[in-house]
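A.B. asks: compute the structure for the input listed below.
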Amino acid sequence: HDYHKFIKPSELAHDIRQAGLKLKDMTGLHYNPLTKRYWLAPNVDVNYMVYTVNEATE
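C.D. replies: Numbering: from 1, shown residues only. Predicted coordinates:
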């Protein structure tokens, strides 16, 4: 991995707003390879998901 190419959550939030979208939620996604389970968490340092809406259609 080239960590300099990773998109920071703050950068993505900025780009979302610049695109005219509204950021509704951002949450972290964690994975345990031993149990093969995913779970949601407040930490967005590594993996995360976002939920956006188009302000024009809201």
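A.B. asks: secondary structure element holding the closest residue to residue 39 other than its chain neighbours?
C.D. replies: Using C-beta to C-beta, 6 or more residues apart in numbering and skipping the chain neighbours, the partner closest in space to residue 39 is residue 30 (5.4 Å). From N, CA and C alone the C-beta is placed, and that goes for glycine too. Using DSSP states H and E, residue 30 sits in strand 21-32.
A.B. asks: residues touching that strand, excluding its own?
C.D. replies: 9, 13, 16-17, 37-55, 58 (C-beta atoms under 8 Å, 6 or more residues apart in numbering).
A.B. asks: where in the protein is pLDDT low?
C.D. replies: 58 (pLDDT under 70).
A.B. asks: in three-state terms, label the residue lying farthest from the centre of it for me.
C.D. replies: Centroid-distance maximum for the chain: residue 34 at 23.9 Å, with C-alpha atoms, centre = their mean. Under DSSP: H, G, I helix; E, B strand; the rest coil, the three-state class of residue 34 is coil.
A.B. asks: and the strand holding residue 30, how far out from the chain's middle?
C.D. replies: Put simply, strand 21-32 sits 4 Å off its chain's centre (C-alpha atoms, centre = their mean, to the nearest Å).
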